[in-house]
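[1] Have a look; sequence and predicted model below, questions after that.
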There are 2 protein chains.
Amino acid sequence: MTATRTARERARAELTQEIKDEARRQLAEVGANGLSLRAVARELGMVSSALYRYFPSRDRLLTDLIVDAYNAIGEAAETGDPGTGEPRERWLAIWQATREWAKAHPHEYALIYGSPIPGYQAPQDTVAPAARVALALVKVLTHTELRAIDGDVPPGLRAQAETLTKALGIVAGPETVARLLMAWTQLFGAINFDLFGQYVGSVDPADEFFTHSARRMAEFVGL
Amino acid sequence: MTATRTARERARAELTQEIKDEARRQLAEVGANGLSLRAVARELGMVSSALYRYFPSRDRLLTDLIVDAYNAIGEAAETGDPGTGEPRERWLAIWQATREWAKAHPHEYALIYGSPIPGYQAPQDTVAPAARVALALVKVLTHTELRAIDGDVPPGLRAQAETLTKALGIVAGPETVARLLMAWTQLFGAINFDLFGQYVGSVDPADEFFTHSARRMAEFVGL
DNA sequence: CACTGTCAAGAGCAGTGCTCTCGATTTTGT
DNA sequence: ACAAAATCGAGAGCACTGCTCTTGACAGTG
């Protein structure tokens, strides 16, 4: 019963996966703009209309690829973390692993950290996967003596920081949380600028600058 | 002679401008992806093929809009700078003027600081306009006593920093230059995250966080 | 006045996302 | 075991896109 039912459903699941794989392959070649449902179908030896049995629209396919990409870069960041050892070295390793994934999958990266594609994608599905890189960085700080930093934090930001402190379960003052957010911003800001060509003419091979930034931001958050 | 010739050329220049204006209008509504040459022509009461007399391709039109956008955000940053007064306040004013332009023209902003559109746009035309915001920030530092910052800077980055020091004509050590680049990255990284929805769930109204970041980065570069 | 270059317009090509219908097959309920 | 129901791939077709090519009208030049 479940065997027969899964006969269909397994075929369906497999084909769904094949479609996503082929779409990802094409994404890597021609980018999100050039991704064509008809081309994907053609490559899979099926007709374009049949594809709509599996994805209701091109945007839904892209949204699924977005979620996958968030998880992929999140996993890259997590496995880049040695898990033990000097916190600053772990921090740096996560930064570099994240950047390396981005450079290896530029179009997938652009899909998630570039301009949003249509109007918007559903945020609900992407919120949890999107947080994985940030959480990997936060994880380094737990069970670690942070240099306490104080400074004036405006009331609204202080409230936001305290909410985050509770959600993350970390021991850090509002200024430190704000700096963590700045470090997170710096990480992806630097990857964006590097990948999208904004560093051309200033720090063209950006490797050393990126590493330098990672270290400085580690100090900046009190690590 | 020049009068009659300019009669034609003036008509041509005017129409070229009208096309760009209409394209910019549509860009603001439907984004770069949705920008359609046929729709632009339709709105202007002409036929699509006639448009190719003025722009050889859709990409060329977009490239022109990109250059315009770089200049617009650069001008916003420059006029946001009061020019005199407390350097830190000038620095903050530039940050805020830049962000406000971005929030007022999200699609134009995405055009220049989001994912690069097709394969690439010609970098040569965009290099100078793209530097205007950064130069506005640098201008605040000239004729100002900077707190000297020393720190280990790897050799490659040090060389890049020294090249920049000469090009910009500023008096600053390599560590300061590196931090300036980080501040520049932070500025646009924060605007990106804000505009593209990455701050949702952490610092959702990002105004205070942005201002806070601006101040902290001012200290960070030694201002 | 004839000539040359510029222009808008139209037809047309190849491609796109998406919808609908039509048989064929598979799964399900009795 | 057989009929009903759900699911599937295929095909035709719609409205749209960027872009090319040709045609006929107009303006400026010798």
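    Cool, got the structure.
[2] do you know how far residue A:52 is from residue B:96?
    Relative to residue B:96, residue A:52 is positioned 46 Å away (Cβ to Cβ, to the nearest Å). In short, each C-beta sits where N, CA and C put it, glycine included.
[3] got the contact list for the residue of chain A found nearest chain B?
    Among the residues of chain A, residue A:189 lies closest to chain B, at 2.1 Å counting by Cβ to the nearest Cβ. By Cβ atoms under 8 Å, 6 or more residues apart in numbering or on different chains, the contact set of residue A:189 is B:185, B:186, B:188, B:189, B:190, B:192, B:193.
[4] so it, which of the three states?
    In three-state terms, and counting by DSSP: H, G, I helix; E, B strand; the rest coil, residue A:189 is helix.
[5] on that earlier part again, top of the contacts of residue A:189 by number of neighbours, please.
    residue B:185 (28 neighbours; other Cβ atoms under 10 Å in any protein chain shown).
[6] Quick one: residues contacting that one.
    A:186, A:189, A:190, A:193, A:213.
[7] Recalculate using a threshold of 6 Å.
    Residue B:185 sits next to A:189, A:190, A:193 when contact means Cβ atoms under 6 Å, 6 or more residues apart in numbering or on different chains.
[8] same deal with residue A:140?
    So residue A:140 contacts A:87, A:90, A:91 (Cβ under 6 Å, 6+ apart).
[9] now do residue A:222
    A:146, A:147, A:149, A:176.
[10] With residue A:151 instead?
    Residue A:151 touches residue A:175, counting by Cβ under 6 Å, 6+ apart.
[11] How is it assigned, secondary-structure-wise?
    coil.
[12] I'd like the distance from the closest residue to residue A:158 other than its chain neighbours to DNA strand C, if you could.
    Excluding the flanking residues, the one nearest residue A:158 by Cβ to Cβ, 6 or more residues apart in numbering or on different chains is residue A:174, at 4.6 Å. Separation of residue A:174 from DNA strand C (Cβ to the nearest atom of the strand, to the nearest Å) stands at 44 Å.
[13] And residue A:203, by the same measure?
    Taking Cβ to the nearest atom of the strand as the measure, residue A:203 falls 37 Å from DNA strand C.
[14] what about that residue, neighbour count?
    27.
[15] for it, phi and psi?
    phi -120, psi 80 (degrees, to the nearest 10).
[16] Hmm, residue A:209 and it touching each other?
    Yes: under the criterion of Cβ atoms under 6 Å, residue A:203 makes contact with residue A:209 at 4.3 Å.
[17] quick one on the thing from earlier: residue A:52 and residue B:96 - which one has more neighbours?
    Neighbours were counted for residue A:52 and for residue B:96 using other Cβ under 10 Å; residue B:96 has more, 16 against 13.
[18] Which element, helix or strand, includes the more buried one?
    Taking DSSP states H and E as the criterion, residue B:96 maps to helix B:87-104.
[19] and the next helix or strand after that helix with helix B:87-104, angle?
    Next along the chain after helix B:87-104, taking DSSP H and E as the criterion, comes helix B:106-113. Interaxial angle, helix B:106-113 versus helix B:87-104 (axes from the mean of the first three to the mean of the last three Cα atoms, to 10 degrees): 110 degrees.
[20] quick one: the one residue in chain A that gets nearest to DNA strand D and residue B:146, what's the gap?
    As assessed by Cβ to the nearest atom of the strand, DNA strand D sits closest to residue A:49 within chain A, at 2.8 Å. The gap separating residue A:49 from residue B:146 is 64 Å, by Cβ to Cβ.
[21] Give me the more crowded residue out of the two.
    More crowded of residue A:49 and residue B:146, by other Cβ under 10 Å: residue B:146, with 17 against 10.
[22] The closest residue to residue A:83 other than its chain neighbours: what's it in contact with?
    Distances taken as Cβ to Cβ, 6+ apart put residue A:90 closest to residue A:83, at 7.4 Å, once the chain neighbours are dropped. Neighbour list for residue A:90: A:81, A:82, A:140 [criterion: Cβ under 6 Å, 6+ apart].
[23] Looking at those residues, spot the one nearest residue A:13.
    Within these, proximity to residue A:13 (Cβ to Cβ) peaks at residue A:81, which comes in at 31.6 Å.
[24] Any idea how many residues pack against the closest one?
    Quick note: residue A:81 (other Cβ under 10 Å) scores 18 neighbours.
[25] and the gap between the residue nearest the centre of chain A and residue A:127?
    Nearest to the mean C-alpha position of chain A, by Cα atoms, centre = their mean, lies residue A:70 at 4.0 Å. Using Cβ to Cβ, we find residue A:70 at a distance of 9 Å from residue A:127.
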